[in-house]
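> Sequence plus predicted model, see below.
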Amino acid sequence: MRLVSTAELKNRTNEVLRTAQAGEPIIITRHGRPVASLMGLAGGDLAGLPDRAAAARAPSGGYAYSAFVLPFGTFYVAFGPLGPAFARIAASPGAFERDAARYLGTLVRRSAPPGWLARAVREAVGARRVFGGPVDLSRAGPFEREVLAALRRIPAGQVRTYGEIARAVGQPGAARAVGTACARNPVPLLVPCHRVVRSDGGLGGYSLIGGVGLKRRLLESEGALPNPPRPQEAGRAR
DNA sequence: TGTATGACGATAT
DNA sequence: CATATCGCCATAC
């Protein structure tokens, strides 16, 4: 990972882009604070994406989706010109297609996973890096978008409370609404809503298939839980 | 425009 | 410590 200031970005654009293309994640900083990231794209990565002309011709048509078999289920991701737009763990392609069509307002067709998407899923699930790639949040409201943006700033291995996110987006009293926004996250895992927990130490909810059990599993695999449950000693006191 | 609904939080019991 | 209650706030209808 490399940190690049706005000045560097402007004055050494080509070098920065070359670095990104080489596969090293670039974090853009402003006033010393990370504000955005660049993800390299290899040739052919965009093969599954509709081109600009196609998008203009059919503004609401043309989402593709790919399936990824993960340890806890099959993860489906629908993507358009702006990036991943809808993702779910689903029991079958048909179930995902139905949910995706309802959310996106258009049919989705299956496609081989573009390289950038496979990498994004790998990074998001393996939690080896923060997935900072593009995400299509155009159907989310302004508050929801801010919340989701805040979630993306939570490093793997860490958690935040719903209240902390509320304060982070300037609505200190909106913890509950943050929960609602998380529940409506169109791209779970890619936007890590599982890293938000309750202020009382509870995990809170998780609406993906798998429920809080999956949420716990994800957080454990990221090393975010201080005391992984040890079944053998569960309940034992002193 | 009003009303109902949550992946919440603090407090009381 | 678990449950109940009430306040909160952005959405969906």
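Right, received. Where do you want to start?

> Skipping adjacent residues, who's closest to residue A:86 in space?
Of all residues not flanking residue A:86 in the chain, residue A:78 sits nearest, at 4.4 Å (C-beta to C-beta, 6 or more residues apart in numbering). Glycine gets a C-beta too; all of them are placed from N, C-alpha and C.

> ok, residue A:131 - contacts?
By C-beta atoms under 8 Å, 6 or more residues apart in numbering, the contact set of residue A:131 is A:120, A:123-124, A:152, A:190.

> Let's see that with 10 Å instead.
Residues in contact with residue A:131, defined by C-beta atoms under 10 Å, 6 or more residues apart in numbering, are A:25, A:37, A:39, A:84, A:119-125, A:152, A:156, A:187, A:189-192.

> Please report how far it lies from DNA strand B.
Separation of residue A:131 from DNA strand B (C-beta to the nearest atom of the strand, to the nearest Å): 16 Å.

> isn't residue A:190 right next to residue A:125, touching?
Yes. With contact defined as C-beta atoms under 10 Å, residue A:190 counts as touching residue A:125 (9.2 Å).

> thinking again about what came up before, from the contacts of residue A:131, list the ones also adjacent to DNA strand B.
Here nothing survives when these are matched to DNA strand B using C-beta under 7 Å from any atom of the strand.

> buried subset of those?
Using 16 or more other C-beta atoms under 10 Å as the burial test, the contacts of residue A:131 include A:25, A:37, A:39, A:84, A:119-121, A:123-125, A:152, A:156, A:187, A:189-192 as buried.

> Tell me which residues of stretch A:80-89 come out buried.
Neighbour-count burial for stretch A:80-89, counted by 16+ other C-beta under 10 Å, picks out A:80-81, A:83-89.

> Which two of the residues you listed have the greatest separation?
The span of these, defined through C-beta to C-beta, is set by A:81 and A:89 at 24.3 Å.

> near DNA strand C, which residues of chain A show up?
A:140-144, A:171, A:173-177, A:180-181, A:184.

> With pLDDT and secondary structure as new columns, can the residues you listed be given to me in a markdown table?
Shown next, in a markdown table, are those (pLDDT from 0 to 100; DSSP: H, G, I helix; E, B strand; the rest coil):
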| residue | pLDDT | secondary structure |
| --- | --- | --- |
| A:140 | 96 | coil |
| A:141 | 95 | coil |
| A:142 | 95 | helix |
| A:143 | 97 | helix |
| A:144 | 97 | helix |
| A:171 | 97 | coil |
| A:173 | 97 | coil |
| A:174 | 98 | coil |
| A:175 | 98 | helix |
| A:176 | 98 | helix |
| A:177 | 98 | helix |
| A:180 | 98 | helix |
| A:181 | 98 | helix |
| A:184 | 98 | coil |
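
> Out of those, grab the one that's most surrounded.
residue A:181 (26 neighbours; other C-beta atoms under 10 Å).

> and residue A:95, that one's in a strand?
No. In this structure, residue A:95 is helix, not part of a strand, as judged by DSSP: H, G, I helix; E, B strand; the rest coil.

> how close does it sit to residue A:67?
Here the criterion is C-beta to C-beta, to the nearest Å. By it, residue A:95 lies 12 Å from residue A:67.

> hey, what's in contact with both of the two?
Contact criterion C-beta under 10 Å, 6+ apart; residues shared by residue A:95 and residue A:67: residue A:76.

> Now the host helix or strand of residue A:167: average pLDDT?
Element membership for residue A:167, per DSSP states H and E: helix A:162-168. Mean pLDDT, helix A:162-168: 98.

> Contact partners for the closest residue to residue A:154 other than its chain neighbours?
Leaving aside its sequence neighbours, residue A:154 sits nearest to residue A:195 (C-beta to C-beta, 6+ apart; 4.5 Å). For residue A:195, the contact set (C-beta under 10 Å, 6+ apart) comprises A:127, A:151-152, A:154-160, A:165, A:182, A:215, A:218-219, A:222, A:224.
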